[in-house]
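A.B. asks: sequence first, predicted coordinates after that:
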Amino acid sequence: MAMEMDFGAQSDTGCVRENNEDSFRLAPEMNLFALSDGMGGLASGEVASRLAVDTILAHCREAEAKPALPLSGGRVDGVSTESNRLASAVRLANEAVHRAAQQNGNEQRMGATVVAVRFVDERMSLAHVGDSRAYRLRGSDLEQLTRDHSFVAEAMRHGHMTEQEAGSSALQSVLIRALGIDPEVEVDVTEELVMDGDTVLLCTDGLTRELSDAQIAAVLGESDDAQEAAERLIDLAKQAGGGDNITAIVLRRAAKPVGAFARIGRLGKWIKNSV
Amino acid sequence: MPKLVLKFENAVLREVPVGAKEVSIGRSPDNGLVIDNPAISHYHARVFNEEGRLMLEDFGSLNGTFVNGQRVKMVTLKAGDSVAIGKHTIVVSDSRDLDGFASGNGGTRPAAPKINETVMLDTKERREFLQKVAAVGESSQVAPARLKVPTIVVRKGKTNQREYSLNDKLTVVGKSAMATVKLRGWFAPRVAVQINRRDDHSYYIGAADKVPTVNGVPIAHPTKLSSGDVIAVAGIELEFVYRD
């Protein structure tokens, strides 16, 4: 693939929780990136998020080899084949988490959020469920590309709450959509333009609860290196309290192509960090 | 924060919160609370916060504004007040009502969640919530635009078509292979601007290689398009319209 992406990712338990229920996967060979925030008692949150991202990668990989692979769920109008494939992968992730939750038989509910992107040239396919987010920084303008499937976001959209009220609401953690709750889930899928110099951030709510848009924009704008930016965001979120698990994936269409050596080096660094 | 609940007979049409910014009421589409009815003046009245009090001012409207049956010019509002304008009623309410939903009436809902402990609603709970939060009015707000086809009409400049129906979530204007509105000419940008369709079927224009103007004003952020807006970028002029 001709296009070069600079990518970096970091995940952290934070300062309060005992385990990290977030998971992320990077598949640069497909320009596919995904993260998930799992929930549930005992270890089921970790299981849910890992299952979600693994299912997404597996389905997209299989479709690479076999483009005729059937789509799960209906075709969405107005978006490309790749976007439909990504939505299909997220639906399968829902089925996988739901199945695991049933087998678990746990009294606790098991679920996960997910945000996944795939780049084909300047087009970015974006699919999400829950309150994990995607942002794009273009110039100095940071734009949230996803709409949270949360109680407070919905209340704000309908004018029942202001941003300040939402920020301090005890209902912040109530999701109205998540993977694994029902046998089927409605997936938000859309497309965005990503140009040279644009930076895309995927993150769990552990980051956005701690940092303002201005802080996020500043880190993304200042850093030349995607991995460095991801690490810096996590550090700042921990300094701000780190109340939840924190995960960030930073993606940048390089204004200059990134050399193969730099990419391998970065991948090495990431593997070392994540073991 | 208080909110204004617009009712016609017993149906709730819309709800508008009143924050730091005043809410103007009238027939013109640029009001904060639009009531499209001949009995309403174009700029009829306004509701605003003053030193913690909620105030209502009538702009000298033809048919008047009535609070609890009395014609008023300027009056302090309190929760529960009923404002009559034409055949419409605006009820002043406190937005804390919504919080009651999670603590009380759900029934199946777990007790108020601890901060940071994520709770997920299942289908039944979600349906109850969405019904509650959307009230009525949603369909009457959005439906008219949905029946019409959002269209870009080329007013000036070299493009491959004169008109484009916007069917996709992402529409790109430029020379690039992915562009729908294809520009011609040596110096045309690869991706001049992008137009996104959002979930509520509204359309937003955003800068890409170029910063466009909308009705002559350069945009600073992605900007919502209304019927009749004229976009100028890279030597071309496009009009955004809803076609029947």
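C.D. replies: It's in.

A.B. asks: every contact and neighbour count from this point should use C-alpha atoms.
C.D. replies: OK.

A.B. asks: please name the residues that touch A:Glu231.
C.D. replies: Shown in contact with A:Glu231 (CA atoms under 8 Å, 6 or more residues apart in numbering or on different chains): A:9-10.

A.B. asks: for B:Gly64, that is, sorry about that
C.D. replies: By CA under 8 Å, 6+ apart, the residues touching B:Gly64 are B:58, B:71-72, B:85-86.

A.B. asks: give me that answer again for 7 Å
C.D. replies: B:71, B:85 (CA atoms under 7 Å, 6 or more residues apart in numbering or on different chains).

A.B. asks: spell out the secondary structure type for it.
C.D. replies: What DSSP: H, G, I helix; E, B strand; the rest coil gives for B:Gly64 is coil.

A.B. asks: gap between it and B:Lys158?
C.D. replies: Separation of B:Gly64 from B:Lys158 (CA to CA, to the nearest Å): 53 Å.

A.B. asks: go on, A:Thr190?
C.D. replies: A:Thr190 is 29 Å from B:Lys158, by CA to CA.

A.B. asks: and the residue in chain B positioned nearest to chain A, helix, strand or coil?
C.D. replies: Closest residue of chain B to chain A, CA to the nearest CA: B:Asp168 (3.8 Å). Secondary structure, three-state DSSP: B:Asp168 is coil.

A.B. asks: show me what contacts the closest residue to it other than its chain neighbours?
C.D. replies: Leaving out its chain neighbours, the residue that sits closest to B:Asp168 by CA to CA, 6 or more residues apart in numbering or on different chains is A:Gly78, at 3.8 Å. Contact analysis of A:Gly78 by CA under 7 Å, 6+ apart lists B:167-169.

A.B. asks: can you say which of these are buried?
C.D. replies: Among those, the ones that count as buried by 16 or more other CA atoms under 10 Å in any protein chain shown are B:168-169.

A.B. asks: nearest to A:Ser140 among the contacts of A:Gly78?
C.D. replies: B:Lys169 (23.9 Å; CA to CA).

A.B. asks: name the residue of the stretch 1-150 of chain A that lies nearest to chain B.
C.D. replies: For the stretch 1-150 of chain A, CA to the nearest CA, closest residue to chain B: A:Gly78, 3.8 Å.

A.B. asks: picking up where we left off before, could you dump the contacts of A:Gly78 to TSV with distance to A:Ile246?
C.D. replies: Shown next, in TSV, are the contacts of A:Gly78 (distance: CA to CA, whole Å):
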residue	distance to A:Ile246
B:Asn167	37
B:Asp168	34
B:Lys169	30
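
A.B. asks: mind putting the contacts of A:Gly78 in a markdown table, pLDDT and distance to B:Val12 included?
C.D. replies: Formatted as a markdown table, the contacts of A:Gly78 follow (pLDDT from 0 to 100; distance: CA to CA, whole Å):
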| residue | pLDDT | distance to B:Val12 |
| --- | --- | --- |
| B:Asn167 | 86 | 32 |
| B:Asp168 | 91 | 33 |
| B:Lys169 | 93 | 31 |
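
A.B. asks: B:Lys169 - nearest residue in space that isn't next to it in sequence?
C.D. replies: Sequence neighbours aside, B:Arg197 is the residue nearest to B:Lys169 in space, at 4.7 Å (criterion: CA to CA, 6+ apart).

A.B. asks: that neighbour and B:Pro222 touch, don't they?
C.D. replies: No - under the criterion of CA atoms under 7 Å, B:Arg197 makes no contact with B:Pro222, lying 11.5 Å away.

A.B. asks: now the common contact residues for these two.
C.D. replies: B:Tyr204.

A.B. asks: just to revisit the earlier point, mind checking which of A:Thr190 and B:Lys158 has more residues around it?
C.D. replies: More crowded of A:Thr190 and B:Lys158, by other CA atoms under 10 Å in any protein chain shown: A:Thr190, with 27 against 16.

A.B. asks: against chain B, how distant is that one?
C.D. replies: Distance, A:Thr190 to chain B, by CA to the nearest CA, to the nearest Å: 6 Å.

A.B. asks: on that earlier part again, can I take it that the residue of the stretch 1-150 of chain A closest to chain B is in a strand?
C.D. replies: No - with three-state DSSP as the criterion, A:Gly78 is coil rather than part of a strand.

A.B. asks: dump the longest helix anywhere in chain B to PDB, keeping only the CA atoms.
C.D. replies: Looking across chain B with DSSP state H, the single longest helix is helix B:123-134. C-alpha atoms of helix B:123-134 as PDB (Å, rounded to 0.1, in the frame of the first residue of the first chain):
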ATOM      1  CA  THR B 123     -32.800  -2.700  24.700                       C
ATOM      2  CA  LYS B 124     -35.800  -2.200  26.900                       C
ATOM      3  CA  GLU B 125     -34.100   0.300  29.200                       C
ATOM      4  CA  ARG B 126     -32.700   2.100  26.200                       C
ATOM      5  CA  ARG B 127     -36.100   2.300  24.500                       C
ATOM      6  CA  GLU B 128     -37.600   3.800  27.700                       C
ATOM      7  CA  PHE B 129     -34.800   6.300  28.000                       C
ATOM      8  CA  LEU B 130     -34.800   7.400  24.400                       C
ATOM      9  CA  GLN B 131     -38.600   7.900  24.400                       C
ATOM     10  CA  LYS B 132     -38.200   9.900  27.500                       C
ATOM     11  CA  VAL B 133     -35.400  12.000  26.300                       C
ATOM     12  CA  ALA B 134     -36.600  12.600  22.800                       C
END
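
A.B. asks: counting contacts, what elements does that helix pack onto?
C.D. replies: Helices and strands touching helix B:123-134, as assessed by 3 or more CA pairs under 7 Å, 6 or more residues apart in numbering or on different chains; DSSP states H and E, are absent.

A.B. asks: what does that helix rub up against?
C.D. replies: A:155, A:158, A:176.

A.B. asks: how far off centre is it?
C.D. replies: On the basis of CA atoms, centre = their mean, to the nearest Å, helix B:123-134 sits 21 Å off its chain's mean C-alpha point.

A.B. asks: quick one: residues contacting the most far-flung residue of chain B relative to its centre.
C.D. replies: What lies farthest from the middle of chain B is B:Trp186; by CA atoms, centre = their mean that is 39.4 Å. By CA under 7 Å, 6+ apart, no residues touch B:Trp186.

A.B. asks: pLDDT of whichever strand or helix holds A:Ala229, averaged?
C.D. replies: Per DSSP states H and E: A:Ala229 is located in helix A:226-239. For helix A:226-239, mean pLDDT rounds to 97.
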